[in-house]
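Q: coordinates only, sequence not included:
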Ligand SMILES: Cc1ncc(COP(=O)(O)O)c(C=O)c1O
C-alpha cells in the first residue's frame, strides 16, 4: 500500500507559519480560552488530573455530541482527535468491505487519498455549471451494487456550497440501492453564513456515518476534538480501531469540549457567523473587481473561484506565496484553473492578504 501525499495539508503544513498572511486557512480566527472561561471553568481545568480520558470520550461529552443530532445517543458517538481522525477511522472501518469507494469531488481529499492508496477510489464530480451539484446520470454511473461507500464533505470544502435537497436525495437513494455507506463529513455544518443549518445526513438511512468536530464552526482547531456518529454496533468497531491510532483524545479537550457543546455553544456559533458576514462583502468586492467566477459560498470561511488567466494554479499559488500570502491551488482538489481562499481571519489580515494577492493578479493580468 502506498499512500499518496495529502497535497493540500502538506502545502499548508510546510508554509502556513512562514508567510505574512495565511489565506489558506478554512476556519475562522481561533479563540483564546481567556475569551470563554469563567472562574469556575478555570478551577475545573486546574483540578483535572492529566490521566487518560475515557478512550471513546466521556459519557458526558458523548451525550453533548449526541444532543446535536436527532435520535442519537452516546452509544452512537466515538470522540476522536479532530474530524480528520474521525474520517480516517470511518474510512478504514468501512473499507473492510471490498468494493469501490466513491468520493464526491472536489472535497477535503483526505478520504480520496486513502481510498486511492487502496486502489478503490471512484470520483463523482460536482459540476460548477450545476452550482456544484452532482449530475444525477453521473451518480447512477458511479454508484453500483459493489460500492462500499459514498464520501462527501457537506457543506463542501472547497466550494462552501451545500447539496440541494434533490442532490441529497439522489445520493441517498443511490447509496441505499447499493447498500453502501454514506460518509458525510459535516465539519462546516453550523458555519452557515446565510440560512439555516445545513441538514445533516444523520439518520437519513441506517448506513450513515457522520464526522465532525470543533475546528471550523466553533473556531477551535487547536483543541483537536472531533467525533464520528454511527450505528451503535459500528461505533464499537470504530472504537476498537481507535486503539490503534491515538487511543483517546487529550483529557483537557474532553473537559473543555463539554463546555463548548454546552454553555459556550451559542456564543461560539454566533461569533463564527458574525465573522463570515462581516468579511464576506470584502471578499465579494475582490471577486467582482478581478472578474473572477464563483458560486458564492454558503458555509465555512472558504471560497473557491475560477480565474481567467492561462496559468497553472500551482504557479499562481507559488507566486502568491513568494509575495507573502498563502492560498490553496485548485490543483490540490483536481480542479485546475481555480483557487481557494479563506476569509475568516481578522479584518486587517484579510485586507493585507487580498492586497498581496491583488499585486500578483495585476502582474499576471498585465503579463
Ligand atoms: C472537510 C474537512 N474535514 C476535516 C478537516 C480536518 O479537521 P480537523 O481539524 O477537525 O481534524 C478539515 C480541515 O480543513 C476539513 O476541511
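A: Looks like it arrived, so ask away. In this text the structure is predicted, and so the values were computed from the model without any measurement.

Q: give me the residue from this structure nearest the ligand.
A: Nearest residue of the chain to the ligand (CB to the nearest ligand atom) works out as residue 82 at 2.7 Å. (Glycine included, C-beta is placed from N, CA and C.)

Q: This structure: strands as residue ranges?
A: All strands of the chain, identified by DSSP state E, fall at 21-22, 77-80, 101-105, 121-127, 133-134, 149-153, 181-185, 208-213, 226-229, 293-294, 302-306, 325-326, 328-329, 338-342.

Q: near the ligand, which residues of the stretch 201-350 of the chain?
A: Contact residues (CB under 6 Å from any ligand atom) of the stretch 201-350 of the chain with the ligand: 213, 215, 221, 226.

Q: which among these end up buried?
A: For those, a neighbour count by 16 or more other CB atoms under 10 Å gives the buried set as 213, 215, 221, 226.

Q: Which residue ranges make up the domains of this protein?
A: The chain breaks down into these domains under automatic domain parsing: 7-32+266-366, 49-264.

Q: circling back: can you tell me which two in the residues of the stretch 201-350 of the chain next to the ligand are farthest apart?
A: Within these, 221 and 226 form the most distant pair, 10.0 Å apart (CB to CB).

Q: can you list residues touching both of these two?
A: Taking CB atoms under 8 Å, 6 or more residues apart in numbering as the contact criterion, the common neighbours of residue 221 and residue 226 are 82, 214, 215.

Q: from those residues, which is closest to residue 25?
A: Set against residue 25, the nearest of those by CB to CB is residue 215 (10.3 Å).

Q: quick one: contacts for the closest one?
A: Each residue near residue 215 by CB under 8 Å, 6+ apart is listed here: 27, 82, 83, 187, 221, 226.

Q: Would you confirm that the third one contacts residue 217?
A: The one in question is residue 83. No. Residue 83 is beyond contact range of residue 217, at 10.8 Å (criterion: CB atoms under 8 Å).

Q: if you average pLDDT over stretch 106-113, what comes out?
A: The average pLDDT within stretch 106-113 is 96.

Q: ends of it, how far apart?
A: For stretch 106-113, the separation between the terminal residues is 12 Å (CA to CA, to the nearest Å).

Q: Show me which residues of the stretch 1-150 of the chain are close to the ligand?
A: 26, 82, 83, 84, 108.

Q: okay if I get those as JSON lines plus neighbour count?
A: As requested, those are arranged in JSON lines below (neighbours: other CB atoms under 10 Å):
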{"residue": "26", "neighbour count": "26"}
{"residue": "82", "neighbour count": "22"}
{"residue": "83", "neighbour count": "28"}
{"residue": "84", "neighbour count": "20"}
{"residue": "108", "neighbour count": "25"}
